[in-house]
Structure formats: C-alpha cells, structure tokens
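> below is the structure, and that's it, no one-letter string:
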C-alpha cells in the first residue's frame with residue numbers, strides 16, 4: 001500500500017480553503033463603502049461587526065457580517 005504525500009500545490013490549496021468565508025478589512029470596507037479606518041474606529045467603539053484576529057491579521061466572517069447587518073436594520077417610523 002502506497003500513501004501519497006500531498007504536493008505543494010495541494011497544500012497551498014488546503015491552506016487557502018480554510019479562509020473561505022472570511023473577508024479582509026480591505027474587502028469588507030470596499031463592500032460596505034467605508035474605509036478600513038472606519039472599520040477600526042467601529043471596533044474601538046464596539047459598534048462594528050465581530051472580527052477574527054489571527055496573529056496580527058484581521059478577518060471578518062461573512063456570516064457574522066450578515067448577522068451584524070441584520071441587527072442594524074431599522075424600520076422606518078412614521079412621524080406626525
């Protein structure tokens with residue numbers, strides 16, 4: 001029985017796959033139409049979407065951003 005060793009290309013693909021569903025601050029800022037500085041400010045004010053910190057890298061889970069957006073949804077109220 002021969003066990004095949006993963007190739008470097010397969011290892012790189014596997015490493016990339018674990019980041020599926022995550023956005024970088026630059027990607028999220030572009031999607032929301034804000035700057036990365038705004039995302040940082042929201043984090044300090046604790047009003048931004050939850051983030052994942054790995055070492056010095058910051059990521060945002062798409063599912064968490066979706067939930068955060070839904071929590072910010074407001075109904076229009078009628079004024080008299």
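Okay, I see it. Since the model is a prediction, treat every value here as computed from it, not as a measurement. Numbers count the residues shown, from 1 in each chain.
> residue 51: neighbour count?
When neighbours are defined as other CB atoms under 10 Å, residue 51 has 18 of them. Every C-beta, even on glycine, is put in place using the N, C-alpha and C of the backbone.
> please apply the same query to residue 34.
Burial of residue 34 is recorded as 14 neighbouring residues (other CB under 10 Å).
> distance of it from residue 70?
Residue 34 is 18 Å from residue 70, where distance means CB to CB, to the nearest Å.
> and stretch 21-40, how far apart are its ends?
20 Å (CA to CA, to the nearest Å).
> now it: buried residues?
22, 23, 25, 28, 29, 39 (16 or more other CB atoms under 10 Å).
> go on, stretch 39-54?
Neighbour-count burial for stretch 39-54 [16+ other CB under 10 Å]: 39, 42, 48, 49, 51.
> and those residues, which two are furthest apart?
42 and 51 (9.8 Å; CB to CB).
> and residue 44, what does it touch?
Listed by CB atoms under 8 Å, 6 or more residues apart in numbering, the contact set of residue 44 is empty.
> element containing it?
helix 36-45 (DSSP states H and E).
> ok, residue 60 next?
With DSSP H and E as criterion, residue 60 is part of strand 57-61.
> gap between the residue nearest the centre of the chain and residue 32?
For the chain, the residue nearest the mean C-alpha position is residue 60 (1.7 Å; CA atoms, centre = their mean). Computed as CB to CB, the residue 60 to residue 32 distance reads 10 Å.
> one more: residue 47?
Applying CB to CB, the value for residue 47 to residue 32 is 13 Å.
> okay, the angle between the strand holding residue 60 and helix 36-45?
Angle, strand 57-61 to helix 36-45, by axes from the mean of the first three to the mean of the last three CA atoms, to 10 degrees: 80 degrees.
> which helices and strands does whatever helix or strand comes next after strand 57-61 pack with?
Helices and strands here follow DSSP H and E; after strand 57-61, the next one along the chain is helix 62-71. Judged by 3 or more CB pairs under 8 Å, 6 or more residues apart in numbering; DSSP states H and E, the packing partners of helix 62-71 are strand 22-23.
> quick one: strands adjacent to the strand it packs on?
Strand 22-23 pairs in its sheet with strand 57-61 (antiparallel), by DSSP bridges.
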